[in-house]
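S.K.: my questions concern the predicted model and sequence given below.
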Amino acid sequence: MVETRTAERRGDPNVAALLTWFLPGAGHLYVGRGGLGLLAFCALEGLYLLGWFLSDGRTFEYLDPELRGPLATLLTPEAGNLGAMLFHLKSSGFGSAEAVPFPRWMVLASFCSALSGILNLFVAAHAHLEARAGQPLSPAGPHPVRMLAAAWLFPGLGHWLQGRRLRAAIVCVVLLGLFVLGTWLAAGTNLSRERHFYYWSGQFLLGGPALLLEELAGNPRVTGELSWVDVGLLYACMAGLLNVLTMLDVWGVAERRWLAPPRGSLPDPALASPSPTSSEVPA
Amino acid sequence: MRLGAHLGFFLVLSLAIVILSAFYSEAEDGPALRSVPRRYAVFIGACAIVAGTMLVLEHVFVAVG
């Protein structure tokens, strides 16, 4: 993490991030960006509420009954928007105890609430950065949160936009290859939250490819024995989890470029360099 | 045959893990790529030690056959 001087800070970055985690926009309100906070609150809570209404509050009913418990939903994307998730659990729990068909828009509803959680993590990262340094010292570079979102949206896109093309290609090939291979081994059964609740949460971190493939080939009909379904689920889930590593890599470099003073304003050449060096291992 | 397939699946997944962790640890692409073989060997070796230890413990303490 790039150090910033305390005098430049608008507040405690960790408090800003934690407040956002509990309530989207609260961190921005804390650092004096009320308008942005209100926008984040309306957008993300609105997205979660949309999912809640479309599913009749039954998203967590996907979870197998024997796995349900007070901490069971902390490993879901919805946990990124903790306040909404707790409200959801308090008001609807794990859904109906009776076997009732799911609403028509259940898959879309699940997608909305999961997306709300992921997007709130980006908002928390933004609040953290705002608290540390409201004004960038080198505003020519793209905003780190934009790079982070790009890295989530498509594996390697964040690196590509940073000009790290070789790394982008390798990340893209490795992660997409792992995900496609896993999907093939699992015969597409991994593309269903209803079938594999937790594995789906992991592969949701792969972003666009996972969502697109689910839209195109989700919920396939299984007519025979699937020999390697466990391996396929593991591969697809690992592709999503490993994408978190690449997102952190993108964030580390983007943050350093964003917070680094312009060339020539500091005697330290390492800080003025726009390209990462071996000492710039992301924290 | 089944054991061979499982070993193959393990080698593929561990290669992906090692490549991405190498890129996370090294900011420059060149050193990251050059470090992959060594990291891969260490990863496989460490996993083999863990697997061997578990098999020995199973044989000594848990085997009921």
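M.R.: Noted; the coordinates are in hand. Numbers count the residues shown, from 1 in each chain, chains lettered A, B, ... in the order given.

S.K.: neighbours around A:Leu248, how many?
M.R.: 14 (other Cβ atoms under 10 Å in any protein chain shown). Heads up, the C-betas are built off the backbone N, CA and C, glycines and all.

S.K.: my read: it touches B:Tyr24, true?
M.R.: Yes - between A:Leu248 and B:Tyr24 there is a contact under Cβ atoms under 8 Å: 6.8 Å.

S.K.: quick one, what contacts residue 39?
M.R.: Looking at chain A here, since you left the chain open. The contact partners of A:Leu39, by Cβ atoms under 8 Å, 6 or more residues apart in numbering or on different chains, come to A:Gly25.

S.K.: oops, wrong one, chain B.
M.R.: By Cβ under 8 Å, 6+ apart, the contact list for B:Arg39 reads B:Val18, B:Ser21, B:Ala22.

S.K.: tell me which element it is part of?
M.R.: helix B:29-57 (DSSP states H and E).

S.K.: does A:Ser31 touch A:Val15 like I think?
M.R.: Ser isn't right for residue A:31; it's Val. No - checked against Cβ under 8 Å, the pair A:Val31 and A:Val15 is beyond contact range at 9.2 Å.

S.K.: with neighbour numbers in mind, choose between those two.
M.R.: A:Val31 (24 against 16).

S.K.: any idea how many residues pack against the single nearest residue of chain B relative to chain A?
M.R.: Distances between chain B and chain A by Cβ to the nearest Cβ are smallest at B:Ala27, namely 4.1 Å. Using other Cβ under 10 Å, B:Ala27 is surrounded by 22 other residues.

S.K.: between the contacts of B:Arg39, which is closest to A:Val244?
M.R.: When the contacts of B:Arg39 are compared for distance to A:Val244 (Cβ to Cβ), B:Ser21 comes out closest, at 11.8 Å.

S.K.: wondering if the helix or strand containing the closest one reaches chain A at all.
M.R.: Assigned by DSSP H and E, B:Ser21 falls within helix B:2-25. Yes - contact of helix B:2-25 with chain A (Cβ under 8 Å from any Cβ of the partner chain) involves B:5-6, B:9, B:12-13, B:16-17, B:19-21, B:23-25.

S.K.: please identify which pair of those lies farthest apart.
M.R.: So, the residues of helix B:2-25 next to chain A by Cβ to Cβ: farthest apart are B:Ala5 and B:Ser25, at 30.4 Å.

S.K.: what about chain A, any weak spots by pLDDT?
M.R.: The model of chain A has pLDDT under 70 over residues A:1-8, A:134-140, A:261-283.

S.K.: can I see the domain layout of it?
M.R.: Domain assignment of chain A by automatic domain parsing yields the ranges A:12-134, A:138-283.

S.K.: hmm, who's touching stretch A:124-134?
M.R.: Against stretch A:124-134 from outside (Cβ under 8 Å, 6+ apart): A:4, A:8-17, A:19-21, A:27-28, A:30-31, A:33, A:80, A:144-145, A:148, A:251, A:255, A:258-259.

S.K.: just the buried ones out of those residues, please.
M.R.: A:9-11, A:13, A:15-17, A:19-21, A:27-28, A:30-31, A:33, A:80, A:144-145, A:148, A:251, A:255, A:258-259 (16 or more other Cβ atoms under 10 Å in any protein chain shown).

S.K.: filter those down to the ones in helices?
M.R.: Counting by DSSP state H, those place A:13, A:15-17, A:19-21, A:27-28, A:30, A:144-145, A:148, A:251, A:255, A:258-259 in helices.

S.K.: out of these, who's near chain B?
M.R.: Counting by Cβ under 8 Å from any Cβ, no member of those is near chain B.

S.K.: ranges for the helices of the stretch 151-283 of chain A?
M.R.: A:157-161, A:165-185, A:197-204, A:208-217, A:229-259, A:269-272 (DSSP state H, counting those that start in this stretch).

S.K.: so which of these is nearest B:His59?
M.R.: Of the helices of the stretch 151-283 of chain A, nearest to B:His59 by Cβ to Cβ is helix A:229-259, at 24.8 Å.

S.K.: name the residues of the closest one that are buried.
M.R.: Quick answer for helix A:229-259 (16+ other Cβ under 10 Å): A:229, A:231-240, A:242-243, A:245-247, A:249-259.

S.K.: now find how far off-centre stretch B:18-30 is within its chain.
M.R.: 17 Å (Cα atoms, centre = their mean, to the nearest Å).

S.K.: coming back round to it: correct me, but the residue of chain B closest to chain A touches A:Arg167?
M.R.: No - B:Ala27 is not in contact with A:Arg167 according to Cβ under 8 Å; the separation is 9.7 Å.

S.K.: list the contacts for A:Phe154?
M.R.: A:Cys172, A:Gly207, A:Gly208, A:Pro209.

S.K.: count residues in the vicinity of A:Ser96, would you?
M.R.: 12.

S.K.: what's the answer for A:Met147, then?
M.R.: By other Cβ under 10 Å, neighbour count at A:Met147 equals 24.
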